[in-house]
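# Turn this into a structure:
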Amino acid sequence: MPITPATAANGSPQESTDEPILLELVDEDGTTIGTAEKLSAHQPPGRLHRAFSVFLFDERGRLLLQRRALGKYHSPGVWSNTCCGHPYPGESPFAAAARRTHEELGVSPSLMAEAGTVRYNHPDPDSGLVEQEFNHLFVGMVQSPLRPDPQEVAETAFVTPAELAVRHEQGPFSAWFMTVLDAARPAVKELTGPAAGW
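So this is what the prediction gives:
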């Protein structure tokens, strides 16, 4: 079901308070076991928490990448997938993915669908933080002009698989990028078709 800007923009009460942002802690099966403050959950060795990653494509089957804003506390200035983040406690990963895509890029995904989950542990050598995540994957289409928030996104690009390979060699990309892309590939191929080459 397509997401509308109104549904994507409905945020959590956490956004309007000075309370610390909380993440959902999960066990190895993805079952919620508690909460933790966002930054503390990323301190070494990291605490396993729920996250999401979105991969949106245009009508030509090109993947929308974003380069994270330089002011981000984690992995600033690196290229990554269309959108990623963390649901608020009690928020569904699907709703969080739609919300954050709209907040960061000013668009609502079309035909967004679940693409499985992946669990990983990726230390970030530059920041010293650790991504210990149970990640919900989503694929979909982008069919309207982007309006990126400069506080979140420094740059965007639509890329073919060949163009992505060149960019990835030149780097830098987020530590988790290839892990989440590889896990989402079956759903990506189903969405974009064989001609796109994913």
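# in terms of contact, does residue 100 touch residue 85 like I think?
Yes - between residue 100 and residue 85 there is a contact at 4.5 Å, judged by Cβ atoms under 8 Å. Heads up, the C-betas are built off the backbone N, CA and C, glycines and all.
# Would you mark the buried spots in stretch 139-148?
Within stretch 139-148, the residues scored as buried using 16 or more other Cβ atoms under 10 Å are 139-142, 148.
# For residue 62, state which of those is nearest.
When those are compared for distance to residue 62 (Cβ to Cβ), residue 142 comes out closest, at 9.8 Å.
# lowest average confidence, helix or strand, in the chain?
Within the chain, judged by mean pLDDT, DSSP states H and E, the helix or strand with the poorest mean is helix 5-9; its value is a mean of 33.
# What ranges does the chain have for its strands?
Taking DSSP state E, the strands of the chain run over residues 22-26, 32-37, 49-57, 63-68, 79-80, 83-85, 110-123, 130-141, 153-159.
# just checking, what packs against the longest one?
Going back to what we said before, that points to strand 110-123. If you count contacts as 3 or more Cβ pairs under 8 Å, 6 or more residues apart in numbering; DSSP states H and E, strand 110-123 packs onto strand 49-57, helix 93-105, strand 130-141, helix 177-192.
# most packed of these?
By mean neighbour count, with neighbours taken as mean count of other Cβ atoms under 10 Å, strand 49-57 ranks first of the helices and strands packed on strand 110-123 at a mean of 26.
# Show me what it is packed up against.
Counting contacts by 3+ Cβ pairs under 8 Å, 6+ apart, the secondary-structure elements packed against strand 49-57 are strand 22-26, strand 63-68, strand 83-85, helix 93-105, strand 110-123, strand 130-141, helix 177-192.
# want to throw the helices and strands packed on strand 110-123 into a markdown table with distance to residue 122?
Written out in a markdown table, the entries for those read as follows (distance: least, Cβ to Cβ, whole Å):
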| stretch | distance to residue 122 |
| --- | --- |
| strand 49-57 | 11 |
| helix 93-105 | 19 |
| strand 130-141 | 4 |
| helix 177-192 | 7 |
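# gap between the residue of the chain most remote from its centre and residue 60?
When distances to the mean C-alpha position of the chain are computed (Cα atoms, centre = their mean), the maximum falls on residue 195, with 24.9 Å. With distances defined as Cβ to Cβ, to the nearest Å, the gap from residue 195 to residue 60 amounts to 10 Å.
# if we can go back for a sec, same list (the helices and strands packed on strand 110-123) but as TSV, adding mean pLDDT and distance to residue 39.
Shown next, in TSV, are the helices and strands packed on strand 110-123 (pLDDT from 0 to 100; distance: least, Cβ to Cβ, whole Å):
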stretch	mean pLDDT	distance to residue 39
strand 49-57	98	12
helix 93-105	98	18
strand 130-141	97	11
helix 177-192	97	21
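# Alright, calling it a day.
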